[in-house]
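In: return a 3D structure for these sequence lines:
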Amino acid sequence: TMSRLSEMDELVVAQSTQLCFQEGCWRPSINWVLLEASNFEPGSNPFDSPNVGGWIHEESTFFQRCFLAYFPGCRETKFVHHASLPPNSLSIDNRRCCTIQTTPTSEFLSPQELEQNIVAVHKKDITCITGSCCYTPYLRTIDAEGRYLGETQLLCDKHIFIPKFIVLDQYRRTKYLLRPDTCCLGLCALPRCNGNGGKCCRLPFLVRDPRTYEPITSNIHEGRAQVTELWSGLINEALFKRHAYHVAFPVDASADEKLVLVGSSILVDVAYFEKEHK
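Out: Have a look, this model is predicted:
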């Protein structure tokens, strides 16, 4: 629920869809579940971890998924965010592989399930590919009534080898900068390999002040707000190709801003990591 989200300091946004074979038109829409961050274990089934009361389904046409399969950051799509436990039918995601899906949504989700308890929609139109500096990938977040909450945009600047995003607030002002630490005089992103479990080796996109570039604090043990891809275990990474992201919210983030940051984690995947499945 939204009231619970406003009280949360962190969560894990994990793919529920198996992507063990994802070539050309054999590409299903990608669904997600929201999990307790403190209970995430590498290699775990996303349906076995405690759910925080949220799941997300993707809606994208067969044309977008098939003909832009090798450029996932380009496709027109939307991710519909539900504030309820995932329906039982979503567990079919855990048993499917090598599927040609011609419908915009997973065919096993009923019309009632697709419409229940919607709190937000994260959506984008067709854009240029990741790495270009014109019409870059973005993800816009609106609530169930269509009110604009903010958006995340891929940022292109002179540091072309550093992946980074800006996050806009409801007034379209730059609220946050998502960017990893850097090395080599700011030319390269600096990975971290000193963590435990899912954070054994990672590239944290730290949530920063867009003016000073300083990391923003969060009420987690690491102390810094971030969107970080987790090591989801050998089976999930090598066979099922499922990604998971740890989202640690800034201390003063509102529930609406947290919804936008959930969208940010999905855009990080769409723009950079989803193409690793190819």
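
In: so who does R172 touch?
Out: Residues near R172 by CB atoms under 8 Å, 6 or more residues apart in numbering: Y148, G150. Heads up, the C-betas are built off the backbone N, CA and C, glycines and all.

In: what's the separation between it and S254?
Out: 16 Å (CB to CB, to the nearest Å).

In: how about K275?
Out: Distance, K275 to S254, by CB to CB: 32 Å.

In: equivalent analysis for S91, please.
Out: 32 Å.

In: check P104 too.
Out: P104 is 31 Å from S254, by CB to CB.

In: the two - which one has more neighbours?
Out: P104 (19 against 15; other CB atoms under 10 Å).

In: my read is that that one contacts R75, right?
Out: No - between P104 and R75 there is no contact under CB atoms under 8 Å: 11.6 Å.

In: what touches both of the two?
Out: S60.

In: how about the longest helix seen in the chain as CSV, C-alpha atoms only?
Out: Using DSSP state H, we find that the single longest helix of the chain is helix 255-268. Included here for helix 255-268 are C-alpha records, laid out as CSV according to Å, rounded to 0.1, in the frame of the first residue of the first chain:
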residue,chain,number,x,y,z
ALA,A,255,5.7,8.3,-1.1
ASP,A,256,5.3,9.9,-4.6
GLU,A,257,9.1,10.3,-4.9
LYS,A,258,9.7,6.7,-3.8
LEU,A,259,7.3,5.6,-6.6
VAL,A,260,9.4,7.6,-9.1
LEU,A,261,12.6,5.9,-7.8
VAL,A,262,11.0,2.5,-8.2
GLY,A,263,10.6,3.5,-11.8
SER,A,264,14.2,4.6,-11.8
SER,A,265,15.4,1.1,-11.0
ILE,A,266,13.4,-0.3,-13.9
LEU,A,267,14.8,2.3,-16.3
VAL,A,268,18.4,1.4,-15.1
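
In: what's the neighbour count on S91?
Out: The number of residues near S91, taken as other CB under 10 Å, comes to 14.

In: does it count as helix, strand or coil?
Out: When classified by DSSP: H, G, I helix; E, B strand; the rest coil, S91 comes out as helix.

In: i'd like the first residue to be 482 from this point on
Out: Sounds good: first residue 482 from here, last item S572.

In: any figure for the gap between it and C614?
Out: 41 Å.

In: kindly report the same for R705.
Out: R705 sits 28 Å away from C614 when distances are taken as CB to CB.
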